[in-house]
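**Student:** Fold the following.
(chains A and B)
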Amino acid sequence: METLRERLVAAFGAAVAAGELPSVAGPEPVVEMPRESGHGELASPYAMQLARALRVPPRVVAERLAAHLGGLPPGVRVVVANPGFLNFYLDDAWLAQALAEVLERGPDYGGSDVGGGRRVLIEFVSANPTGPLNVVNARAAAVGDSLARLLAAVGYRVEREFYVNDAGGQVGNLALSLEVRLRQLLGEAAELPPDGYPGEYLVDLARGYLEEHGAAVLELPEEERLALLRDFAVERIRAQQEASCERYGVHFDRFFSERRLHETGAVDKVVGLLRERGHTYQEEGATWLAAREFGDDKDRVLVKSDGAYTYVVPDVAYHLDKLRRGHDLLIDLLGPDHHGYVARMRAALEALGYPPGVLEVHLIQQVRLLREGRAVTMSKRAGEFVTMDQLVAEVGCDAARFFFLQRSPESPLDFDLDLAKLETSENPVFYVQYAHARICSLFRQAGENWPEGADLTLLTQPEERELMRQLSRFPEEVLAAAQERAPHRVARYCLELAGLFHSFYNRHRVLGSAPPTAAARLSLARAVGAVLARGLDLLGVTAPERM
RNA sequence: GCGCCCGUAGCUCAGUCGGACAGAGCGUCCGCCUUCUAAGCGGAGGGUCGUAGGUUCGAAUCCUGCCGGGCGCGCCA
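**Tutor:** Numbering: from 1, shown residues only, chains lettered A, B, ... in the order given. Predicted coordinates for the structure are as follows:
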């Protein structure tokens, strides 16, 4: 595809040089796969894109471009079609060559090096250490992990990081809530503060605390007491969150503590840096960041009139730390309630001298669980919500991840629990996995005595050609998914490939064919299996060998 | 009030840096197992792309207004 684009541009240049077309700065050529098979395997509306700027009829542009399109790989034929499309037809030799490449490269097929080893840090989930992970966290975990896999596949050096908000008011409330639960267990009359954490998990945590440490802590002075309870609760909950992610197949390279930023003085320093760079001012007793200079819609308080920092400051210090660790690009996946915060974070980083592009933020939208067609009600206030662990226990890791990755991350998602549990073709994840298992089954029956070096040009049936064409698209699909930060493209690709395979399988015999054909079809099946496995791997979903 | 996301088939959603008659899955209806996994396949039906204008050879896609749904907008984190 890349080369086809380049050839189109070159053809345009050649036509201009030959005086057949006026010289203008043209747009980038679009190359696409036509829906209609009669329109070729690939097609480009490039002539029509150029027509306006050139003020030459599209059809004429197309013909002149076609005349100058040299150096196409053998087996590729160009046809000019009605309004001015250039349609490319790939013959059997070309497809056979593409298939051979899949078989040669094996698990490496689909990868590339466009990232050039640049370092990317993806921060995701980053839930407060005040309770179990919820279903939105599970969505973010699936998306972040898959993005990391995709970026690694196209040549970036990727790290996954989880930011732990273990300082500030939230964990203070957590400590207070834990204390109340302890006292309640000991028979005292105590009530949760209004902004306390009501979930049952804190009762369990309190019980665990009593078993391990007894009740002596309650006799300590308040400050010391709450600090001990806070540390206990934060570390326990954080570890539980990590364990939930691990069970889900998501591994973080680092859990980054906010408190550490305070302890090392990084938080104080970042305010000093912003002051030195002249992007702050004093007003009404507070220190403000002149965020409007950098595109935010209002200036933001950094240091409150009581001397405390606002929550942005440690976050800025954290992002500065990430950059200083040598990452070229920071990607944050945030919850839908955080978008107001993006502009100020960008503004702060720009004020520190970094280009606006170093921080890329994606908002992961809400998840609504559906059971028997109705939304499962959740109440954060009452501490009643479905946890990530519960979801995974109910539908399984693969289904959960696949369902999250089927949709574009920035649209709200309805998660059909009943569908996710079905073990039939209605369930998309099973549909894809089943295709893989079927292929493995073929090889179990074929055994080892099949000839190497099958004659791939025997694969001329429409279903075979469609499969080969789909396989040849995989690398560009992976690249597009990585560049657009769109794992759902891979999910769709897998669904399409699995569908094409099921059609092929139903229409044609593999093992029952004449040996040369059987060998060629086994090769095709091997390639499909490898690409399905790789595609699923990019989603963090397993490719079972039998089902 | 301001900002962001969303509005496409009965349902859930792709497609949204303009391109060839608008796609998929589920659900509905009709077919296909003496042979490699029927956890599968084939076919049918189903859409004023929220709405009204505009730009363009061409608009689901770009611009403007309006309607509907969700979420933000603190010297809270």
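
**Student:** Only C-alpha atoms from now on, for both contacts and neighbour counts.
**Tutor:** Noted.

**Student:** List the neighbouring strands of the lengthiest strand in chain A plus their orientation.
**Tutor:** Of all segments of type strand in chain A, defined using DSSP state E, the longest is strand A:157-164. Each strand paired with strand A:157-164, and its direction, by DSSP bridges: strand A:119-123 (parallel), strand A:254-257 (parallel).

**Student:** And the next helix or strand past the last one?
**Tutor:** Proceeding N to C from strand A:254-257, the next assigned helix or strand is helix A:258-263, under DSSP states H and E.

**Student:** CA-only coordinates of that next one in CSV, if you can.
**Tutor:** The C-alpha atoms that make up helix A:258-263 are tabulated as CSV, following Å, rounded to 0.1, in the frame of the first residue of the first chain:
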residue,chain,number,x,y,z
GLU,A,258,2.2,10.1,44.2
ARG,A,259,3.5,10.2,47.7
ARG,A,260,7.0,9.6,46.5
LEU,A,261,6.7,12.8,44.4
HIS,A,262,6.0,14.7,47.6
GLU,A,263,8.7,13.0,49.6
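
**Student:** Tell me the residues of the stretch 151-300 of chain A that contact RNA strand B?
**Tutor:** Those residues of the stretch 151-300 of chain A that sit near RNA strand B, judged by CA under 7 Å from any atom of the strand, are A:Asn165, A:Ala167, A:Gly168, A:Gly169, A:Gln170, A:Glu283, A:Glu284, A:Gly285, A:Ala286, A:Arg300.

**Student:** give me phi/psi at the third one?
**Tutor:** So the one you mean is A:Gly168. Dihedral pair for A:Gly168: phi 100, psi -170, per degrees, to the nearest 10.

**Student:** if we can go back for a sec, could you list the residues in contact with the longest strand of chain A?
**Tutor:** Residues external to strand A:157-164 that are found in contact with it (CA atoms under 8 Å, 6 or more residues apart in numbering): A:115, A:117-129, A:145, A:148, A:151-152, A:238, A:251-258.

**Student:** So A:Ile331 belongs to a strand, correct?
**Tutor:** Yes - under DSSP: H, G, I helix; E, B strand; the rest coil, A:Ile331 falls within a strand.

**Student:** show me the contacts for it.
**Tutor:** Shown here is A:Ile331, whose contacts under the criterion CA under 8 Å, 6+ apart are A:Val120, A:Leu121, A:Ile122, A:Glu123, A:Leu359, A:Glu360, A:Val361, A:His362.

**Student:** hmm, which two among those are most spread apart?
**Tutor:** Pairwise distances across these (CA to CA) peak at 14.4 Å, for the pair A:Val120 and A:His362.

**Student:** got any ranges where the stretch 1-150 of chain A has weak pLDDT?
**Tutor:** Scanning the stretch 1-150 of chain A with the threshold set as pLDDT under 70 gives A:1-3, A:25-28, A:33, A:35-38, A:71.

**Student:** Quickly find the element holding the closest residue in space to A:Val250 that isn't next to it in sequence.
**Tutor:** Residue nearest to A:Val250 in three dimensions, not counting chain neighbours: A:Asp145, with 6.2 Å by CA to CA, 6 or more residues apart in numbering. Assigning secondary structure by DSSP H and E places A:Asp145 in helix A:135-153.

**Student:** If I take that helix and strand A:157-164, what angle do their directions form?
**Tutor:** An angle of 160 degrees separates the directions of helix A:135-153 and strand A:157-164 when computed by axes from the mean of the first three to the mean of the last three CA atoms, to 10 degrees.

**Student:** ok now helix A:135-153, how far from the chain's centre?
**Tutor:** The offset between the C-alpha centroid of helix A:135-153 and the centroid of the whole chain comes to 4 Å, using CA atoms, centre = their mean, to the nearest Å.

**Student:** Report the buried residues of it.
**Tutor:** Residues of helix A:135-153 classed as buried by neighbour count (16 or more other CA atoms under 10 Å): A:135-153.

**Student:** Which residues are in contact with the nearest residue to A:Val234 once chain neighbours are set aside?
**Tutor:** Using CA to CA, 6+ apart and skipping the chain neighbours, the partner closest in space to A:Val234 is A:Pro129 (5.5 Å). Taking CA under 8 Å, 6+ apart as the contact definition, A:Pro129 lies against A:Val164, A:Asn165, A:Asp166, A:Val171, A:Val234, A:Glu235, A:Ile237, A:Arg238, A:Gln241.
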